[in-house]
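A.B. asks: quick one: sequence plus predicted model below, questions after.
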Amino acid sequence: MGADKALLPWPPQAAGQVSSGESFLTAGIRAISQAADFVLVVAGRNASALGPVVYAEGESIIANPDPDRGQFSSLQAGLREVLNRGWDAAIITLVDRPPVRAQTIKRLRDAFQAADERTWAVIPEFEHKHGHPLVVGREMIEVFLQAPATATARDIEHEHQAHIQYVDVDDPCVVLNINTPEDYAALLARR
């Protein structure tokens, strides 16, 4: 991307346009905080840059102790911290996705709370594609934590589909992934 994706302006800004001061990170924190008791950001080498942003939103940040192990190791670090804080469920999202609507998160949380004990996770679906954020319970957290560092969340999701409820949402941001300046420009054009 050439810049920290967490700090990309939100909503997207054209070159030379004055930013609102919002970023993917702040907008994501605000959306999730409406449906969660706390927000925990897992950072890699960018922890010192993200910390002030996270703290300004009144939330917490931890650093992945070994970010070279990849994205899945950050997921595991965050889920360990969730359990350490005494919680047995979490809403998980990625920083390289534009923030979803607050009502999307609420819909996913409500679906998870209404689900029976055979449901370990609730995952949004838009136009037949699975996306983020995920709402996971203790059983899925344990599966993630017991997986090898080489695993991916997607592989684990597919292995445990019998325990996942997919919820259709009208929010294209659940499936958008912003990895390049061209992806960001396309997002700007879309808005």
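C.D. replies: Cool, the structure landed.

A.B. asks: C-alpha from now on. contacts and neighbour counts both.
C.D. replies: Fine.

A.B. asks: for the closest residue to P172 other than its chain neighbours, give me its contacts.
C.D. replies: In space, P172 comes closest to F126 once its chain neighbours are excluded; the distance is 6.3 Å by Cα to Cα, 6 or more residues apart in numbering. Listed by Cα atoms under 8 Å, 6 or more residues apart in numbering, the contact partners of F126 are 168-172, 174-175.

A.B. asks: of the residues you listed, which is the nearest to D37?
C.D. replies: Top of the list for closeness to D37, among these and by Cα to Cα, is V174 at 21.3 Å.

A.B. asks: can you tell me how far the closest one is from L145?
C.D. replies: 24 Å (Cα to Cα, to the nearest Å).

A.B. asks: among the two, which residue is more densely surrounded?
C.D. replies: Remark: of V174 and L145, V174 carries more neighbours, 26 against 18, as counted by other Cα atoms under 10 Å.

A.B. asks: name the nearest residue to the residue nearest to the spatial centre of the chain, sequence neighbours excluded.
C.D. replies: In the chain, the residue lying closest to the centroid (Cα atoms, centre = their mean) is T93, at 0.8 Å. Excluding its sequence neighbours, the residue lying closest to T93 (Cα to Cα, 6+ apart) is P133, at 4.4 Å.
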